[in-house]
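**Student:** the sequence and its predicted three-dimensional model are supplied below.
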Amino acid sequence: MVTVKQLLKSKGSSEVWSVTPDTSVYDALNLMNEKNVGALPVVEDGRLVGVISERDYARKVVLLGKSSLKTPVSKIMTPRVFFVEPHQKMTDCMEMMTQKRVRHLPVLDGGQLIGIISIGDVLKEIISAQETYIHDLENYIEGRGYGQ
């Protein structure tokens, strides 16, 4: 099974986009749109302090009639952050996402933010691993051996 580290490597870019607690919600949304992501880590003094997602915006700004131009990220971010580490497997991530009802998990290595993964990333890897496993089993059953 693929690890978080392998998933991050396969995603390509090692750049992690983030915002600070005093960033306006509007600017955070612009960054999410520009980078085509659904959530951003919130970092202060090099430390992960929260996550802001499209869901946070919809529920805590739009529905409450707040201004995204005037509201800082700190007022709507999710401060209790669940995270994973590079050595963890995709099944660990899926279990955490399901139990904690989150769609994005920051990746910390020694306390340093090195990436963020989405439920889509995890599902894609799990499905790919299962397809490979099924293919290998079919080859084995048909007498062709593994990996052919």
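**Tutor:** Perfect, I can see it now.

**Student:** least confident secondary structure element in this structure?
**Tutor:** Of the helices and strands making up the chain, the lowest-confidence element is helix 119-141, at a mean of 86, by mean pLDDT, DSSP states H and E.

**Student:** CA atoms only for stretch 114-128 - export them in PDB, please.
**Tutor:** Output of stretch 114-128 as PDB, limited to C-alpha atoms (Å, rounded to 0.1, in the frame of the first residue of the first chain):
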ATOM      1  CA  ILE A 114       5.300  19.300   4.000                       C
ATOM      2  CA  GLY A 115       2.000  18.900   2.200                       C
ATOM      3  CA  ILE A 116      -1.800  18.400   2.300                       C
ATOM      4  CA  ILE A 117      -3.800  15.500   0.900                       C
ATOM      5  CA  SER A 118      -7.400  15.400   0.000                       C
ATOM      6  CA  ILE A 119     -10.000  12.600   0.200                       C
ATOM      7  CA  GLY A 120      -9.800  12.500  -3.600                       C
ATOM      8  CA  ASP A 121      -6.100  11.900  -3.600                       C
ATOM      9  CA  VAL A 122      -6.500   9.000  -1.100                       C
ATOM     10  CA  LEU A 123      -9.400   7.400  -3.000                       C
ATOM     11  CA  LYS A 124      -7.500   7.600  -6.200                       C
ATOM     12  CA  GLU A 125      -4.500   5.800  -4.700                       C
ATOM     13  CA  ILE A 126      -6.600   3.100  -2.900                       C
ATOM     14  CA  ILE A 127      -8.500   2.400  -6.200                       C
ATOM     15  CA  SER A 128      -5.300   2.200  -8.200                       C
END
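
**Student:** on that earlier part again, buried residues in the least confident helix or strand of the chain, which are they?
**Tutor:** For helix 119-141, the neighbour count (16 or more other CB atoms under 10 Å) marks 119, 121-122, 124-126 as buried. (Each C-beta comes from the backbone N, C-alpha and C, glycine too.)

**Student:** now the residue nearest the centre of the chain: closest residue in space, sequence neighbours ignored.
**Tutor:** In the chain, the C-alpha nearest the mean C-alpha coordinate belongs to Ile117, at 2.5 Å (CA atoms, centre = their mean). Distance criterion CB to CB, 6 or more residues apart in numbering; nearest residue to Ile117, sequence neighbours excluded, is Leu105 at 5.4 Å.

**Student:** if anything else comes up later, I'll come back, but that's it for now.
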